[in-house]
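Visitor: need coordinates for the below:
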Amino acid sequence: MWDAFVNALTLFIKGKLFRDFNAVVKQTLIGNAVGAILLILLAKVGLPLYVAVPLVGIVAGALQPWLFKDLKYA
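Guide: Below is the predicted model of the structure:
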């Protein structure tokens, strides 16, 4: 199990884990931007951070599989 993790991490760092590494970066940045914007909006509304952060984590975490559904491994 550890070998599989190290192998995947090595391929990811080299940029060879996915066919289109730029698409991975783009989708990750989109997910992070949505999470950051949502956190700022919830904080501006007046929600305490101990409520806003878990909500944003759930939303951003649920968004990642949808964003990554079309990514292909190399």
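
Visitor: check which helix or strand the most centrally placed residue in the chain maps to.
Guide: Nearest to the mean C-alpha position of the chain, by Cα atoms, centre = their mean, lies T28 at 4.6 Å. Taking DSSP states H and E as the definition, T28 sits inside helix 21-45.

Visitor: other residues contacting that helix?
Guide: 15, 18, 49, 51-53, 55-57, 59-60, 63-64, 67-68, 71 (Cβ atoms under 8 Å, 6 or more residues apart in numbering). For every residue, glycine as well, the C-beta is placed using N, CA and C.

Visitor: tell me the mean pLDDT for that helix?
Guide: In this model, helix 21-45 has a mean pLDDT of 95.

Visitor: list the buried residues in that helix.
Guide: Buried residues in helix 21-45, counted by 16 or more other Cβ atoms under 10 Å: V24, Q27, G31, G35, L38, L39, L42.
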